[in-house]
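1. structure for this input, please:
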Amino acid sequence: MENQIYQLQYAIDTFYFLMCGALVMWMAAGFAMLEAGLVRSKNTTEILTKNVALFAIACIMYLMTGYAIMYGGNWMLSGIEILSLENVLVESAGKGFEGDAVYSGASDFFFQVVFVATAMSIVSGAVAERMKLWSFLAFAVVLTGFIYPLEGSWTWGGKDVFGLYNLDDLGFSDFAGSGIVHMAGAAAALAGVLVLGARKGKYGPNGQVYAIPGANLPLATLGTFILWMGWFGFNGGSVLKLGDAANAHTVSMVFVNTNTAAAGGAIAALIAARILFGKADLTMLLNGALAGLVAITAEPATPTALQATLFGMIAGVIVVFSIITLDKLRIDDPVGAISVHGVIGVLGLMLVPLTNKDATMSGQIIGAVTIFLWVFSASLMVWYLLKWVTGIRVSEDEEQEGVDLAECGMEAYPEFMSN
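-> Sure thing, here's the model as predicted:
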């Protein structure tokens, strides 16, 4: 009987893990559509190429080195350990439905690899419209194969930070990755934007900020809805288990809180934009929904639905002001990724102790600073190295013509003239 219980738990938890991983993988399509909608038409093909290629690179690099760095292990070059069913039952003896999650090591790898691809996707939008494609892909190799996995090993991997201190012991908690994934991706993006510089024509000599509208807002809206849907796998899968009543209830609450935080962020951002600009700004509405999702990602299980809504609304307001502020600082982020994933990623971490008694504010601050400093400084060095070796920015003429033709040799909308 116990053997049958273990096998059933293994099947349920593994299947749940795989389906949530598939939902998170679908977020790659969301990032691609969002970014393709928010860049100019002459840069669409290149942004789509980046998103497909970075996902493939993330899958290969996390298999070769990333998973081993983050979690350890000895299968191939990575840390995947595919246990036989008999070994799984031995490993899980005494756990049962009320114990720890029991699932295939391969399903754990699959769930984790789509997270590292998400972090790299954040970088893609922030450096859009002026970066060399192959330099970007070279950076993707380093981020997904080394920078992100090492940071992840200090958090979800349970290892000490360079042997100095353990974030878990300090009271750091990040349920699904507001800091570990989203803030980390934004830190890498910020480093790239600072080295790369702003797009031509974005800022005037006397502090003026000129809007550069995206070419396809329907695509951006579709991308946001895809991301919203994928986030149920992102946060829901981080429960790790479905095979008992308590965890099934937790999964349900995570889904509810994820959804309502996004809704709260969207409405709050829309209202803030109306007050500030006198118009209903669709791009702020979209970023508000994403901000709500990022904010709740650090702890979607313990808040009530009302608290989750309020957290999302706070994030929705803050992201509007963050986007405006970064423009004033002449930090050119075409899709608002640094604000949505970086600023709100920090907010999400700081909100955790309000509902999770196991987390401490000091632990959250130290964890956030540790993650940011490592990812930002390591990324900055890689960006400068790429700038020195291969260059990272296209020429002024290529930027004016559009990176579609310069980098890919084709246009997304060839029947229309380039803008």
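
2. with adjacent residues omitted, what lies nearest to Thr45?
-> Counting by CB to CB, 6 or more residues apart in numbering, Asp404 is the residue found nearest to Thr45 once chain neighbours are left out, at 4.2 Å. C-beta coordinates here come from the backbone N, C-alpha and C atoms, glycine included.

3. what does Ala268 give?
-> Spatial nearest neighbour of Ala268, chain neighbours left out: Gly316 (3.3 Å); criterion: CB to CB, 6+ apart.

4. check what pLDDT the residue nearest to Thr45 gets.
-> As predicted, Asp404 sits at a pLDDT of 94.

5. was I right about it contacting Glu46?
-> Yes. Asp404 is in contact with Glu46 according to CB atoms under 8 Å; the separation is 5.3 Å.

6. residue boundaries of the helices in the stretch 51-200 of the chain?
-> 67-71, 85-91, 105-126, 133-142, 148-155, 184-196 (DSSP state H, counting those that start in this stretch).

7. quick one: contacts for the closest residue to Gly214 other than its chain neighbours?
-> Of all residues not flanking Gly214 in the chain, Leu38 sits nearest, at 3.8 Å (CB to CB, 6+ apart). By CB atoms under 8 Å, 6 or more residues apart in numbering, the contact set of Leu38 is 125, 128, 214, 220, 283, 334-335.

8. would you mark the buried spots in whatever helix or strand Trp26 lives in?
-> Using DSSP states H and E, Trp26 falls within helix 2-38. For helix 2-38, the neighbour count (16 or more other CB atoms under 10 Å) marks 6, 9-10, 12-14, 16-18, 20-21, 23-25, 27-38 as buried.

9. for it, what is the average pLDDT?
-> 89.

10. helix, strand or coil for Gly391?
-> Look at Gly391: counting by DSSP: H, G, I helix; E, B strand; the rest coil, its state is coil.

11. how about the residue nearest to it when sequence neighbours are not counted, phi and psi?
-> Spatial nearest neighbour of Gly391, excluding adjacent residues (CB to CB, 6+ apart): Lys132 at 6.3 Å. Dihedral pair for Lys132: phi -70, psi 130, per degrees, to the nearest 10.

12. gap between Lys132 and Ala126?
-> Distance of Lys132 to Ala126, given as CB to CB, to the nearest Å: 15 Å.

13. higher neighbour count, these two?
-> More crowded of Lys132 and Ala126, by other CB atoms under 10 Å: Ala126, with 28 against 23.

14. my guess is the more buried one contacts Gly192, does it?
-> Yes. With contacts counted by CB under 8 Å, Ala126 reaches Gly192, the gap being 6.7 Å.

15. overlap in contacts, the two.
-> When contacts are counted by CB under 8 Å, 6+ apart, Ala126 and Gly192 have no shared neighbour.

16. residues in contact with the residue nearest to Phe110 when sequence neighbours are not counted?
-> Distances taken as CB to CB, 6+ apart place Gly21 nearest to Phe110, at 4.6 Å, with adjacent residues excluded. Contacts for Gly21 (CB under 8 Å, 6+ apart) come out as 107, 110-111, 114, 233, 237.

17. where's the dip in pLDDT among these?
-> Per-residue pLDDT puts Ser107 lowest of the contacts of Gly21, at 84.

18. count of residues packed around that residue?
-> The number of residues packed near Ser107 is 22, by other CB under 10 Å.

19. repeat for Gly292
-> Gly292, neighbours per other CB under 10 Å, totals 36.

20. got it, and Ala280?
-> Around Ala280 there are 11 residues (other CB under 10 Å).

21. my guess is it is in a strand, correct?
-> No. Counting by three-state DSSP, one finds Ala280 to be coil, located in no strand.

22. and it, backbone torsions?
-> The phi/psi pair for Ala280 (degrees, to the nearest 10) is phi -90, psi 100.

23. surely it is in contact with Ile271?
-> No. Between Ala280 and Ile271 there is no contact under CB under 8 Å: 9.2 Å.

24. quick one: Asp244 from Thr250, how far?
-> According to CB to CB, Asp244 and Thr250 sit 10 Å apart.

25. repeat for Leu276
-> On the measure of CB to CB, Leu276 and Thr250 end up 38 Å apart.

26. show me which of those two is the more surrounded one.
-> Thr250 (19 against 13).

27. what helix or strand is the more buried one on?
-> helix 245-277.

28. and that helix, what's its mean pLDDT?
-> 96.

29. and it, what's buried?
-> Under 16+ other CB under 10 Å, the buried positions of helix 245-277 are 247, 250-251, 253-255, 257-273.

30. could you give the angle of the helix or strand encompassing Gly223 to helix 105-126?
-> Secondary structure from DSSP H and E places Gly223 in helix 217-236. For helix 217-236 against helix 105-126, the angle by axes from the mean of the first three to the mean of the last three CA atoms, to 10 degrees is 140 degrees.

31. buried ones in helix 217-236, by neighbour count?
-> Under 16+ other CB under 10 Å, the buried positions of helix 217-236 are 219-224, 226-228, 230-236.

32. what's the separation between the residue nearest to Gly214 and Leu143?
-> To Leu143, Leu38 is 22 Å away according to CB to CB.

33. so which of the buried residues of helix 217-236 comes closest to Tyr62?
-> Of all the buried residues of helix 217-236, Tyr62 sits closest to Phe234, with 16.3 Å by CB to CB.

34. residues contacting the closest one?
-> 20, 23-24, 27, 115, 118, 176-177, 297.

35. thinking again about what came up before, wait, is the residue nearest to Ala268 part of a strand?
-> No. Applying three-state DSSP, one finds Gly316 to be helix, outside a strand.

36. give the full set of residues in contact with it.
-> 264-270, 272, 288-289, 291-292.

37. excluding chain neighbours, what is closest to Gly37?
-> Ala220 (2.9 Å).

38. verify the stated contact: that neighbour with Leu34.
-> Yes. Here Ala220 reaches Leu34: they are 5.3 Å apart, a contact under CB under 8 Å.
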